[in-house]
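Participant: I need the structure of the sequence given here:
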Amino acid sequence: MPKINGNEIRPGNILEHDGGLWVAVKVAHVKPGKGGAFAQVEMKNIRDNRKLNERFRSADKVERVRLEQKDQQFLYESDGLLHFMDAETFEQVTIPADIFGDRRPFLQDGMTIVVEYYEEEALNAQLPDKVTCTVTETEPAVKGQTAANSFKPAILDNGVRIMIPPFVGEGEAVIVSTETMEYVERA
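Facilitator: Coordinates of the predicted model:
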């Protein structure tokens, strides 16, 4: 694994530090009036979500980890485990469902996602940026309610509650951002 200097750490970098894997969340370069400059790095542990603030001087060496990314196709879920098939080797892999957190309902049958591996351990999974869902329950549109920023609550076919514009009705397909869990546009 490549070693980088402490002042080369950027947000999003994955570092091996204190026997664990950490992702750099925020990096601030500080030059105090007295003494040498350093990078103040806020890190989050990939495995257990602990946070850590650490100072790295430019002379400090840190292990930068590169994760292997693989395309995986979602097959089914059983007992809190998600079963995927590797797109290249057709090998089946099981991953804990909590790897997605609150974005889990957006995972659909047959969907291809990107899973990041460190050695043989799945650490992160990325859903597509936008997913098409169907509105199953919402209030009817009120005539004359055409204010630009008015939204109404809706429940999607996967059970997620979002806010949608008044012109979207039940049974319509909408595109939802998996990052912000908000309405983007009609499908």
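
Participant: Against Pro96, how distant is the residue sitting nearest the centre point of the chain?
Facilitator: For the chain, the residue nearest the mean C-alpha position is Gln126 (5.5 Å; Cα atoms, centre = their mean). Between Gln126 and Pro96 the distance is 16 Å, computed by Cβ to Cβ, to the nearest Å. Bear in mind the C-beta positions are built from the backbone N, C-alpha and C, glycine included.

Participant: what's around Asn53, how many residues?
Facilitator: The local packing of Asn53 (other Cβ atoms under 10 Å) involves 10 other residues.

Participant: secondary structure element for it?
Facilitator: strand 51-57 (DSSP states H and E).

Participant: try Ile113
Facilitator: With DSSP H and E as the test, Ile113 turns up in strand 112-118.

Participant: you'd agree Pro32 is in a strand?
Facilitator: No: the assignment for Pro32, made by DSSP: H, G, I helix; E, B strand; the rest coil, is coil rather than a strand.

Participant: Pull out the buried residues from the lowest-mean-pLDDT helix or strand in the chain.
Facilitator: Lowest by mean pLDDT, DSSP states H and E among the helices and strands of the chain is strand 121-126, with a mean of 83. Neighbour-count burial for strand 121-126, counted by 16 or more other Cβ atoms under 10 Å, picks out Ala122, Leu123, Asn124, Ala125.

Participant: Output those as TSV; include the columns distance to Arg186.
Facilitator: As requested, those are exported to TSV (distance: Cβ to Cβ, whole Å):
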residue	distance to Arg186
Ala122	34
Leu123	35
Asn124	31
Ala125	27
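
Participant: and those residues, which two are the farthest apart?
Facilitator: Maximum pairwise distance among those (Cβ to Cβ): 8.6 Å, between Leu123 and Ala125.

Participant: overlap in contacts of the two?
Facilitator: Shared contacts of Leu123 and Ala125, defined by Cβ atoms under 8 Å, 6 or more residues apart in numbering, comprise Glu116.

Participant: what sits against Glu185?
Facilitator: Glu185 touches Val174, Ile175, counting by Cβ under 8 Å, 6+ apart.

Participant: ugh, wrong one, Met163
Facilitator: Applying Cβ under 8 Å, 6+ apart, the residues near Met163 are Phe151, Lys152, Pro153, Ala154, Glu182, Tyr183.

Participant: I am finished for the moment; much appreciated.
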